[in-house]
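J.: Sequence plus the predicted model coming up.
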Amino acid sequence: MAQTSDLRNSSMTRRRFVSGAGAALSFAVVAPSAVRGTVANSRIKAGVIGLGGRGRMITGMVQKHSGYELVALADYFEQVVDAAGAQFQVPKARRFSGLSAYKKLITAGVEAVFMETPPYCFPEHVEAAVEAGRHVYIAKPLGCDVPGCLRIRDAARKATAGKRVFLCDFQTRTDPFFIEGVKRVQEGAIGQIAMLSSEYNDESFRDPPKTDTVESRLQELIWVNDDTLGGSYIVNAGIHAIDVALWIAGQMPISAMGASRIGRGDPHGDSHDVFSVTYEFPNGLILNHRGEHLKNRSDFRSDCFAQGSEGWLETGYTSRVRILGNRTGWRGGDVVELYPRGAERNIDAFHKCATTGDYTNPTIEPSINATLATILGREAARRRTKLTLEEVLKEDRRLDPDLRGLKA
C-alpha cells in the first residue's frame, strides 16, 4: 500500500442501529515498565468526546469492558453530556460541554480518549490528545480535507514515536471472514484482479434550513450534509466500501473521475448524495464506486466485489463473504452484526495494545489512505473531471467551518 509520507511530494441501516443502541492484531508482550501512562493489565482511565448515537454506543461498550474505567465525558451540547453522564454514572464535575470541552476532558485524568465527533473536529482534538500523551481511539473518516487528514497522519506518527496507541475504528478489517477472504485473494485465489466494484447505499439524514450559526447542524448527523463539517456522504459513509476495495488492491489509486449530484429533496447542505466514481491504480486495476444516500426505502448495503481472471470475491457488510472460482472456491460465511461486533473487537484490541505495549498502530496508514481516496473521489465527481491524487494533494484545499457564535 502506498505510504502517505510519499503522497504529498438488509433494511436495518447502520444509523438506525445506532439510534436504537442504548483488525486482527498481533500483540508483543513487553515489560510493565515500558508501558508509560498505564499499568500493564490494569484498568485504563478513559474519556469519550462526542455523545451522539455511536458515541453513546461506544461509551456503553467502554464502560462494560473490564479493562477500562470511564472517568470523563464531553460533548458540545450541555444537555447531551448531562444525559450521558447520568446514564453512565459520570460525576457532573467530569462532564464538559462547549467547543473547548475536549481540552478539559484531556486534562481530567484520562489515559485514553475516544473520539466520536463530526470529523471537522478531529485534527485539533487529535493533536491536543497526542501532545498530552493520551492513547487515541478515533472514528472514521480522518478529516474532511487533505490538510486535516495529513495533520492527523503526522500526529498519529508522533503518538507511535511516543509509545502511545492510535487506533482507527473501521469494522470490516476486524471481521474473520473479511480477513480470510482478502488474504486468499491476495494469495491468488481468483487469479489476477481485473476490476473492483464497491457500493454504498443508505438513507440520507435530516437537512433542515440553516440558522444563524452551525449549532443546529452539530447533532443528529445533520452535519453529514455539509462538506466542511462532515466531509460529504462519500467521505463519511462511502469510505466503508472504498476502504475494503483499497484493502483488496493493496495500493492507492493514482486518479479518479466521475460525477455526483444532490438528489435529496429540499437540500440545505452542500454535500452531494449520489456518486459514480471510477478510480485507476498504478498497475491498471480499476475500481468503480457507486454511492446512493436517499430516503427511498432501499436497503442498507456496503459491498465490495473483486473480479479476477479465475474467479471473484464477494464481501458484504451485512451479508456474507465468499469466493467463487473456475477451479476452486471458498464458502466463507455470513457477516453477523458487524457494526457493534467490530467496535467491540477494536475496543478490546485498543486495550490489549495499551496494556502490553504494542505501539505498531497498524490501522493508521490504511485509514489515512481511505480518507484521502474518498476526498479524491469527492473532488473528481463534484468537478466532473479526471483528477490525479497528486493534483489533489498539491492543491491542499482546506475546508473551514464557520464556528462563529458557538459556545466556547
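T.: Received it, and whenever you're ready, just let me know what you need.

J.: Show me what the one helix or strand residue 375 maps to is packed up against.
T.: Here residue 375 sits within helix 364-383, counting by DSSP states H and E. If contacts are counted by 3 or more CB pairs under 8 Å, 6 or more residues apart in numbering; DSSP states H and E, helix 364-383 sits against helix 146-161, strand 166-168, helix 239-249, strand 255-261, strand 274-280, strand 386-388, helix 389-395. The way it works is simple: take the backbone N, C-alpha and C, and place the C-beta from them, glycine included.

J.: Put the alpha carbons of it into PDB.
T.: Extracted C-alpha coordinates of helix 364-383, given in PDB (Å, rounded to 0.1, in the frame of the first residue of the first chain):
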ATOM      1  CA  ILE A 364      -3.200   4.400  10.800                       C
ATOM      2  CA  GLU A 365      -1.900   4.100   7.300                       C
ATOM      3  CA  PRO A 366      -4.900   2.300   5.700                       C
ATOM      4  CA  SER A 367      -7.300   4.700   7.400                       C
ATOM      5  CA  ILE A 368      -5.400   7.800   6.200                       C
ATOM      6  CA  ASN A 369      -5.300   6.300   2.700                       C
ATOM      7  CA  ALA A 370      -9.000   5.500   2.700                       C
ATOM      8  CA  THR A 371      -9.800   9.100   3.800                       C
ATOM      9  CA  LEU A 372      -7.600  10.600   1.100                       C
ATOM     10  CA  ALA A 373      -9.000   8.300  -1.600                       C
ATOM     11  CA  THR A 374     -12.600   9.400  -0.800                       C
ATOM     12  CA  ILE A 375     -11.600  13.000  -0.800                       C
ATOM     13  CA  LEU A 376     -10.100  12.400  -4.200                       C
ATOM     14  CA  GLY A 377     -13.400  10.800  -5.300                       C
ATOM     15  CA  ARG A 378     -15.400  13.600  -3.900                       C
ATOM     16  CA  GLU A 379     -13.400  16.300  -5.700                       C
ATOM     17  CA  ALA A 380     -13.300  14.500  -9.100                       C
ATOM     18  CA  ALA A 381     -17.000  13.700  -9.000                       C
ATOM     19  CA  ARG A 382     -18.100  17.200  -7.900                       C
ATOM     20  CA  ARG A 383     -16.000  18.800 -10.700                       C
END
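
J.: TSV for the helices and strands packed on helix 364-383, including mean pLDDT, mean neighbour count and distance to residue 208?
T.: Formatted as TSV, these follow (pLDDT from 0 to 100; neighbours: other CB atoms under 10 Å; distance: least, CB to CB, whole Å):
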stretch	mean pLDDT	mean neighbour count	distance to residue 208
helix 146-161	98	20	26
strand 166-168	98	27	31
helix 239-249	98	26	25
strand 255-261	98	19	20
strand 274-280	98	21	20
strand 386-388	98	16	32
helix 389-395	98	16	31
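
J.: Dump the ones you listed into a markdown table; add distance to residue 306 as well.
T.: Below are the helices and strands packed on helix 364-383 laid out as a markdown table (distance: least, CB to CB, whole Å):
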| stretch | distance to residue 306 |
| --- | --- |
| helix 146-161 | 26 |
| strand 166-168 | 23 |
| helix 239-249 | 5 |
| strand 255-261 | 18 |
| strand 274-280 | 14 |
| strand 386-388 | 23 |
| helix 389-395 | 21 |
